[in-house]
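1. Build me a structure from this.
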Amino acid sequence: MLDNFPHAVRIKKIIKETPLVRSYFFEYPVRAKPGQFVNVWVAGIDEKPMSIAFDDGKNYMLSIAAIGDMTKVLAHKKVGDYIGIRGPYGTHFSWKPGQRIAMLAGGYGAGPLYFAASKAVAQNCHVDFFLGARSKQHLLFSAQIKKLKNTRFLPSTNDGSAGFHGTSVACWAEQIKKGARYARVMTCGPELMMKAVSDIAWKKKIDAQISVERYMKCGFGICGNCCVDDLGITTCQNGTVMPNSVARKIKEFGAYHRDSVGRKHSF
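-> Got it, this is the predicted structure:
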């Protein structure tokens, strides 16, 4: 890892993935693992943690939705502009060669799990990739996921415009009911979705890895913003990817989170 000051990188390429999401490509000297994040700094605006959507061994790809002040400014950046990057931080998804894995991605969680799937299939894993979104136009990385070897793409949409009509969790539950067996399940997305995955995995005794995110600022366990009740662990160091057995000990998981000043916000 680099030191904890932003490293200036030049944006090499930008792809508009969905109406809200753009992917930014840039060279970075430190390699990342699926599930890790970097802090992205836009000078004069803010710094925010962002999941790494891909690392090809030279370039990073970050896929970011323009939904806040900082990310809306970032959406106006052009090829050749500079941003600040520091990291990578956090834990990562893992697997054993040859496993059959269910990956459940909701919305922007498609990035880290696409990264994980691309690495896992290279080790002869077989992946059922459950991608959920509000509608067809918000299914992030559909084309890329379909191209992965040993991968079955199972999209779902709330409005029924593509794939299964309903949630990715309901689609996964239907596959289990039909007899599908998985050595591991990985999930990244809205917390209520991940809590539902956690509950099913716990009941069915399926090994699960959950990406639990909180208000992460420093990235290395000093500021305490991302501590969780009642364990007191920091999600920037003990997460974001953690075993289901740990996630289920977090009192607030699936119930509430805290903002920058510690106020509770229910899901």
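
2. Show me what counts as buried in stretch 210-223.
-> 210, 211, 212, 213, 214, 215, 216, 217, 218, 219, 220, 221 (16 or more other Cβ atoms under 10 Å). No exception for glycine: its C-beta is placed from N, CA and C like everyone else's.

3. For it, C-alpha coordinates in CSV please.
-> Extracted as CSV, the C-alpha positions of stretch 210-223 are listed here (Å, rounded to 0.1, in the frame of the first residue of the first chain):
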residue,chain,number,x,y,z
ILE,A,210,-20.9,-10.1,3.4
SER,A,211,-19.7,-6.6,2.4
VAL,A,212,-20.7,-4.4,5.4
GLU,A,213,-20.0,-0.7,4.7
ARG,A,214,-20.2,2.2,7.1
TYR,A,215,-19.1,5.8,7.2
MET,A,216,-15.5,5.2,6.4
LYS,A,217,-13.1,8.2,6.4
CYS,A,218,-9.5,7.4,7.2
GLY,A,219,-9.4,3.9,5.9
PHE,A,220,-6.9,2.6,8.5
GLY,A,221,-8.8,2.4,11.8
ILE,A,222,-7.8,5.7,13.4
CYS,A,223,-10.9,8.0,13.1
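
4. ok now it, how far from the chain's centre?
-> 14 Å (Cα atoms, centre = their mean, to the nearest Å).

5. Next: stretch 105-112.
-> Taking the mean of its C-alpha atoms, stretch 105-112 sits 5 Å from the chain's own mean (Cα atoms, centre = their mean).

6. That stretch: end-to-end distance?
-> 9 Å (Cα to Cα, to the nearest Å).

7. could you give the mean pLDDT of that stretch?
-> Mean pLDDT, computed over stretch 105-112, is 93.

8. just stretch 184-204 next, same as before
-> 98.

9. For that stretch, what is the distance to the chain centroid?
-> Using Cα atoms, centre = their mean, the offset of stretch 184-204 from its chain centre is 13 Å.

10. can you map out the strands along the stretch 101-250 of the chain?
-> Secondary structure of the stretch 101-250 of the chain (DSSP state E, counting those that start in this stretch): strands at 126-133, 151-157, 164-165, 184-188, 207-211, 241-243.

11. what residues go with each domain of this protein?
-> 7-89, 91-211, 215-267 (automatic domain parsing).

12. just the ones you listed: most buried one?
-> Counting by mean count of other Cβ atoms under 10 Å, domain 91-211 has the highest mean neighbour count of the domains of the chain, with a mean of 20.

13. what about that domain, start to end distance?
-> End-to-end for domain 91-211, by Cα to Cα: 9 Å.

14. how distant is stretch 56-64 from the center of its chain?
-> Worked out by Cα atoms, centre = their mean, stretch 56-64 lies 14 Å from the chain centre.

15. Hmm, residue 14 is touching residue 21, no?
-> No: checked against Cβ atoms under 8 Å, the pair residue 14 and residue 21 is beyond contact range at 11.0 Å.

16. and the closest residue to residue 28 other than its chain neighbours, what is it in contact with?
-> Computed as Cβ to Cβ, 6 or more residues apart in numbering, the closest residue to residue 28 that is not its neighbour in sequence is residue 60, at 4.7 Å. Residue 60 sits next to 25, 26, 27, 28, 32, 38, 52, 54, 85 when contact means Cβ atoms under 8 Å, 6 or more residues apart in numbering.

17. can those residues go into a markdown table with extra columns for distance to residue 74 and pLDDT?
-> Output for those, formatted as a markdown table (distance: Cβ to Cβ, whole Å; pLDDT from 0 to 100):
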| residue | distance to residue 74 | pLDDT |
| --- | --- | --- |
| 25 | 14 | 98 |
| 26 | 12 | 98 |
| 27 | 18 | 97 |
| 28 | 16 | 96 |
| 32 | 19 | 97 |
| 38 | 13 | 97 |
| 52 | 15 | 97 |
| 54 | 18 | 97 |
| 85 | 12 | 97 |
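
18. next structured bit after whichever strand or helix holds the residue nearest to residue 28?
-> When elements are assigned from DSSP states H and E, residue 60 belongs to strand 59-65. Going down the chain from strand 59-65, the next helix or strand is helix 69-74, by DSSP H and E.
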